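Asks: How does the following fold in three dimensions:
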Amino acid sequence: YRSKQRGWLEVDLLLGSFATDTVPTMTEQEMRDYEALLNQETLDIYNYVSKKDPAPAHLDTPILRRLQEYALSSPVGRADPDGYKAIKGKMSN
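Replies: Numbering: from 1, shown residues only. From the prediction side, this is the model:
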């Protein structure tokens, strides 16, 4: 839920689709790292994922790097109407 309802559409789509695709297979440590990231302000998360701002050391984890890679390869990161439709399909609760 916290991945899909941030209040900023771009972040909702990115985190929501990432969570749908990856949370079921995350390790306990990855879940803790992801939870720490979700505890940040939405704008900060966006800036860390887009690498606009460097992430603080406690958030600079393999799960953040995985999310950054996901953002670059995901249809959310490109102007792709079909990809956008597929991502929106993952957003239903």
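
Asks: Could you tell me which residues within stretch 12-28 count as buried?
Replies: 12, 13, 14, 15, 16, 17, 18, 19, 20, 22 (16 or more other CB atoms under 10 Å). C-beta: built from backbone N, CA, C; applies to glycine.

Asks: and the residues you listed as CSV, adding pLDDT and secondary structure?
Replies: Formatted as CSV, the buried residues of stretch 12-28 follow (pLDDT from 0 to 100; DSSP: H, G, I helix; E, B strand; the rest coil):
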residue, pLDDT, secondary structure
12, 82, helix
13, 84, helix
14, 87, helix
15, 88, helix
16, 87, helix
17, 88, helix
18, 91, helix
19, 91, helix
20, 89, helix
22, 93, helix
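
Asks: Looking at the residues you listed, which is nearest residue 69?
Replies: Of all these, residue 18 has the smallest distance to residue 69: 10.2 Å, by CB to CB.

Asks: burial of the residue nearest to the closest one when sequence neighbours are not counted, as a residue count?
Replies: For residue 18, ignoring the flanking residues on the chain, the nearest one in space by CB to CB, 6 or more residues apart in numbering is residue 70 at 5.2 Å. Neighbourhood size, residue 70 [other CB atoms under 10 Å]: 18.

Asks: All set, thanks.
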